[in-house]
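Chemist: sharing a sequence plus its predicted fold:
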Amino acid sequence: MKSSSIFFSIFSAIAIAVFIFAPERLPSGVGVTPVPIEAYIRPSIFGQGKVVGLKNPIGKTLHNVKVKLSKTDGTVIKSAMREQWPPGKSMELGWLEGWEINKGTRLKASASGYFSKTWEY
């Protein structure tokens, strides 16, 4: 009984230390605040549909950024991962990149140290 409480105490201390001192080591989507990514949408100049722009507006690098496009029923249409996303950098996802943003689709972004954020179109 005592060994399990010691194990739990040590495990809890390590988990808290990672949350505080090394959030980039956490899995994508695990954190206490929403991912600080900003999103905008615009019509596609080439091709069809819409283009979604994503930006890292904070002053630090985001780690293990995952972006998923899915239907309303949860079926994943397309996904991507970026290991490091520097501050101030943007990316656009649209028809040219193979992403079809249409009415009824959802875009979900997550990063290490932050819980995910979802946009519906």
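Modeler: Nice, thanks for sending it over.
Chemist: this protein: helices as residue ranges?
Modeler: Here the chain has its helices, by DSSP state H, at 2-21.
Chemist: separation between Ile6 and Ser12?
Modeler: 11 Å (Cβ to Cβ, to the nearest Å). (Each C-beta comes from the backbone N, C-alpha and C, glycine too.)
Chemist: mutual contacts of those two, please.
Modeler: Residues touching both Ile6 and Ser12 (Cβ atoms under 8 Å, 6 or more residues apart in numbering): there are none.
Chemist: all strands for this protein, in order.
Modeler: Listed from the start of the chain, the chain has strands (DSSP state E) covering 31-34, 38-43, 50-55, 62-71, 76-85, 90-93, 105-111, 113-120.
Chemist: and the first one, which residues are buried?
Modeler: Neighbour-count burial for strand 31-34 flags Gly31 (criterion: 16 or more other Cβ atoms under 10 Å).
Chemist: show me what the mean pLDDT comes to for it.
Modeler: In this model, strand 31-34 has a mean pLDDT of 81.
Chemist: and the third one, by the same measure?
Modeler: Confidence for strand 50-55, expressed as mean pLDDT, is 92.
Chemist: and it, how far out from the chain's middle?
Modeler: Distance, stretch centre to chain centre, for strand 50-55: 14 Å (Cα atoms, centre = their mean, to the nearest Å).
Chemist: ok, the first one next?
Modeler: Here the centre of strand 31-34 is set off from its chain's centre by 11 Å, with Cα atoms, centre = their mean.
Chemist: note down every partner strand of it and its orientation.
Modeler: strand 113-120 (parallel) (DSSP bridges).
Chemist: over to the second one?
Modeler: Next to strand 38-43 in the sheet, as set by DSSP bridges, lie strand 50-55 (antiparallel).
Chemist: got the buried residues for the partner strand?
Modeler: With burial defined by 16+ other Cβ under 10 Å, the residues of strand 50-55 counted as buried are 50-52, 54-55.
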